[in-house]
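*Asks:* Please work out how this folds:
(chains A, B, C and D)
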2 protein chains.
Amino acid sequence: MLSIEFGNASLCKEARLALRDAIELLGGKWKICILQHLELGTKRFKDLQEVMVGISPKVLTQELLELEQNLLITRTVNNTKPITVSYSLTPFAYEAQAVYDALLAFGIEHRKRIKGTLSGKTIPTV
Amino acid sequence: MLSIEFGNASLCKEARLALRDAIELLGGKWKICILQHLELGTKRFKDLQEVMVGISPKVLTQELLELEQNLLITRTVNNTKPITVSYSLTPFAYEAQAVYDALLAFGIEHRKRIKGTLSGKTIPTV
DNA sequence: ACTATTCGTTACCTTTAGGTAAGTAACCTT
DNA sequence: AAGGTTACTTACCTAAAGGTAACGAATAGT
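*Replies:* Residues are numbered from 1 along each chain as shown, chains lettered A, B, ... in the order given. From the prediction side, this is the model:
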């Protein structure tokens, strides 16, 4: 994801950096979805792949690695017959729940508002 | 911005769509920043251009148009000597404040956590 | 007539997020 | 030995976001 810019004014440096970090880490196509699913409990690679319809193993690996490097999930290799790998949330990840909630609430209100508006963009229904 | 995918499971359709809308509308490099600055009061195109260091008029026009079409800002043409255009928030835009707050809070905590971690990504300080 | 200001547009280019398809490695079952 | 399962990796490609640079239209000042 391209990095967010905030010019210089009105936002103190720390806030600007924090906001950029958050958007970079949680933005993109799959991150919030992965975190949401892991909130239901520990999942294996395969589980996630099945639930994230359309994701490729390459991208899933990528996303999981980023989340792990940022301390939001832990990766555990299990010594099972064919090897399996488990992913689960760290306590830190639960802080992201507030972002999810806010986005969801905003999205719901926005959707009500935009429905039937000619000037609004065509919203998907699938 | 590419559209968010949420597979099919665990998230009811409406929630999934709402979340996708929200991320698409508020994501990207400049949106939240623009809304934040407009929260300080009505701003002209030029004002925004000066404050968003690095944005080109093309991109600024683009972003403002999207926000207008989604009913978050209003655009007013003033009949001044050289024409000026004012942008201001609609009441709806204030709902996005919660998203900003959540992202900021998460970003601040995350930044504390990651600081000095070898496994964490290199966080920018500029 | 010439230049400046404000708010754009247009054409073109680069970067990156994400997708596709195939292959690898370890281990198991038949 | 052949084929299946799990968790990847590798190489290549596409589409979209965003950047750069130049130009246009309206109006005003000198």
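
*Asks:* Going by C-alpha atoms from here, please, whenever you check contacts or count neighbours.
*Replies:* Fine.

*Asks:* Can you show me the helices along chain A?
*Replies:* Ranges of helices in chain A, per DSSP state H, are A:13-26, A:31-38, A:45-51, A:57-69, A:96-114.

*Asks:* buried stuff in the shortest one?
*Replies:* Within helix A:45-51, the residues scored as buried using 16 or more other Cα atoms under 10 Å in any protein chain shown are A:45, A:48-49, A:51.

*Asks:* Which residue in these has the weakest pLDDT?
*Replies:* Across the buried residues of helix A:45-51, the smallest pLDDT goes to residue A:51, namely 92.

*Asks:* separation between it and chain B?
*Replies:* Residue A:51 is 6 Å from chain B, where distance means Cα to the nearest Cα, to the nearest Å.

*Asks:* returning to what we had before: okay if I get the buried residues of helix A:45-51 as CSV plus distance to DNA strand C?
*Replies:* Shown next, in CSV, are the buried residues of helix A:45-51 (distance: Cα to the nearest atom of the strand, whole Å):
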residue, distance to DNA strand C
A:45, 13
A:48, 13
A:49, 11
A:51, 13
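
*Asks:* for those residues, which one is nearest residue A:31?
*Replies:* Ranked by distance to residue A:31 (Cα to Cα), the buried residues of helix A:45-51 are led by residue A:48 at 11.8 Å.

*Asks:* wouldn't that closest one be in contact with residue A:36 here?
*Replies:* No - here residue A:48 does not reach residue A:36: they are 10.9 Å apart, not a contact under Cα atoms under 8 Å.

*Asks:* low-scoring stretches of chain A, by residue?
*Replies:* Scanning chain A with the threshold set as pLDDT under 70 gives A:1-2, A:4-11, A:116, A:118-126.

*Asks:* Cool, thanks, signing off.
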